[in-house]
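Q: here is my input; please provide its structure:
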Amino acid sequence: MIDKAWHEANPMPPQATLDQRIAWHLDHAAHCGCRDIPESIKQELKRRGVPVPKRRETMASAPVGSVPLGDLVDPVPAVPPRPVTIEGSVVDLVPFDAEAHAPALFEAVAGRDDLWAYLASGPFPDLDSFTAHYAAAAEKSDPLLFAIIDRASGAAVGHATYLRIAPTDRVVEVGNILYSPLLQQTRGATEAMYLMARHAFEDLGYRRYEWKCNALNAPSRRAALRLGFTYEGTFRQHMIVKGRNRDTAWFSMLNHEWPRAKAAFEAWLDPENFGEDGIQRSSLAALREGTGSA
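A: Numbering: from 1, shown residues only. Model (predicted):
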């Protein structure tokens, strides 16, 4: 069973090294079971030839009388996202710096007021108002704002955030996503979402990763499904945004679904998946389903 006293006496170090994290999870497995060992830790244990502790059956809860209860869950909270650099192959995610990133991003979205239709802010009439807005946004920890940097040019081509961060429940949302025309429908667009999901699940230890959008935002709904999120329903009259009603479509990806999604992301992002014309050989959905065809 979960030993709350052990957790209180042995908290995860706030900025633990990989070796410290591995040692903590092995100790935790010995004392409390191992239901939620992060996938990154499992892979590192396998790489080092260390057996991965098996899940204990005692982690599943038994009904109390005739009342069914959910499975017991490791109470260790996830790590709150911090402003760190997350490196990719074609894009990097970096903490948003308004002075450094706003000019290029403003230029990249200039004249495209449609990009702001479903966002809570914008469009902005000039660079000064754009920069002022993002300078304030960059100071917040929730939403935590990242610039998406094209590695080839070094320029900011979009942004995304972690928001509605709930470490105790190990739930985090990805949102406030702005893709400029330079990023839309590119490998970098998909890689940015892969990097954010991987960081949330593997480095920070979240068990639920959410995507929400205006129910009228058909491109966002298609993107969520393409990326491997599951549609969960629509919250009616959920918000008022820019003076208009917003029904919100909810999507999620769970930690036990991540390994399959990750494998598909990495297969799709592989340069071998693209012909000389740049067209994909296999779609992300097909790779996730194991069919391997476009």
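Q: kindly export the helix or strand hosting residue 147 (C-alpha atoms) in CSV.
A: Per DSSP states H and E: residue 147 is located in strand 144-150. What follows is strand 144-150, C-alpha atoms only, in CSV (Å, rounded to 0.1, in the frame of the first residue of the first chain):
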residue,chain,number,x,y,z
LEU,A,144,4.0,29.6,-18.6
LEU,A,145,4.9,31.0,-22.0
PHE,A,146,7.5,29.5,-24.4
ALA,A,147,8.7,30.9,-27.7
ILE,A,148,9.0,28.4,-30.5
ILE,A,149,12.3,29.0,-32.2
ASP,A,150,13.2,27.8,-35.7
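Q: can you list the strands that that strand pairs with?
A: strand 91-95 (antiparallel), strand 156-166 (antiparallel) (DSSP bridges).
Q: buried stuff in the shortest one?
A: Of the residues in strand 91-95, those with enough neighbours to count as buried (16 or more other CB atoms under 10 Å) are 91, 92, 93, 94. No exception for glycine: its C-beta is placed from N, CA and C like everyone else's.
Q: and the contacts of it?
A: By CB atoms under 8 Å, 6 or more residues apart in numbering, the surrounding residues in contact with strand 91-95 are 83-86, 138, 145-151, 157, 160, 183, 188, 191-192, 195-196.
Q: rerun at 7 Å
A: For strand 91-95, contacts defined as CB atoms under 7 Å, 6 or more residues apart in numbering pick out 83, 85-86, 146-151, 188, 191-192, 195-196.
Q: same question, the longest one
A: With contacts defined as CB under 7 Å, 6+ apart, strand 156-166 is touched by 80-81, 96, 101, 104-105, 108, 142-150, 172-180, 182-183, 192, 196.
Q: could you point out which element follows the helix or strand of the chain with the lowest mean pLDDT?
A: Across the helices and strands of the chain, mean confidence by mean pLDDT, DSSP states H and E is lowest for helix 4-9: a mean of 68. The element immediately downstream of helix 4-9 (helix or strand, assigned by DSSP H and E) is helix 18-32.
Q: check which element follows that following helix along the chain.
A: helix 39-47.
Q: and that following helix, which residues are buried?
A: Here helix 39-47 shows 40, 41, 42, 44, 45 as buried, counting by 16+ other CB under 10 Å.
Q: how about the fourth one, what does it touch?
A: Read that as residue 44. By CB under 7 Å, 6+ apart, the residues touching residue 44 are 18, 22.
Q: run the last query once more with 6 Å
A: Applying CB atoms under 6 Å, 6 or more residues apart in numbering to residue 44 gives no contacts.
Q: any figure for the gap between it and residue 50?
A: 8 Å (CB to CB, to the nearest Å).
Q: again with residue 78
A: Residue 78 is 23 Å from residue 50, by CB to CB.
Q: same question, residue 17
A: Per CB to CB, residue 17 is found 16 Å from residue 50.
Q: pop out the phi and psi values for the spatially most central residue of the chain.
A: Among the residues of the chain, the one closest to the centroid is residue 197, at 3.1 Å (CA atoms, centre = their mean). Backbone torsions of residue 197, given as degrees, to the nearest 10, read phi -70, psi -50.
Q: let me know the secondary structure of the residue lying closest to it once chain neighbours are set aside.
A: Of all residues beyond its chain neighbours, the one nearest residue 197 is residue 209 (5.9 Å), with distances taken as CB to CB, 6 or more residues apart in numbering. Put simply, residue 209 is strand when judged by DSSP: H, G, I helix; E, B strand; the rest coil.
Q: helices of the stretch 101-250 of the chain, residue ranges please.
A: For the stretch 101-250 of the chain, applying DSSP state H, counting those that start in this stretch gives helices covering 127-137, 187-198, 218-227.
Q: from the rest of the structure, what touches the shortest one?
A: Outside of helix 218-227, the residues that reach it under the criterion CB under 6 Å, 6+ apart are 193, 211, 213, 249, 251, 284.
Q: how much space between the nearest residue to the third one once chain neighbours are set aside and residue 173?
A: Nearest in space to residue 213, with sequence neighbours left out and distances taken as CB to CB, 6+ apart, is residue 220 at 3.8 Å. Residue 220 sits 13 Å away from residue 173, taking CB to CB as the criterion.
Q: between residue 17 and residue 50, point out the one with more neighbours.
A: Neighbours per residue (other CB atoms under 10 Å) separate residue 17 from residue 50, with residue 50 holding more: 12 against 9.
Q: ok, the more buried one to residue 23 distance?
A: Applying CB to CB to residue 50 and residue 23 gives a distance of 11 Å.
Q: check residue 231 too.
A: Going from residue 231 to residue 23 by CB to CB gives 39 Å.
Q: where are the low-confidence patches of this structure?
A: Scanning the chain for pLDDT under 70 picks out 1-5, 7-8, 13-16, 32-36, 55-65, 291-294.
Q: before I go, just wanted to say thanks for your time.
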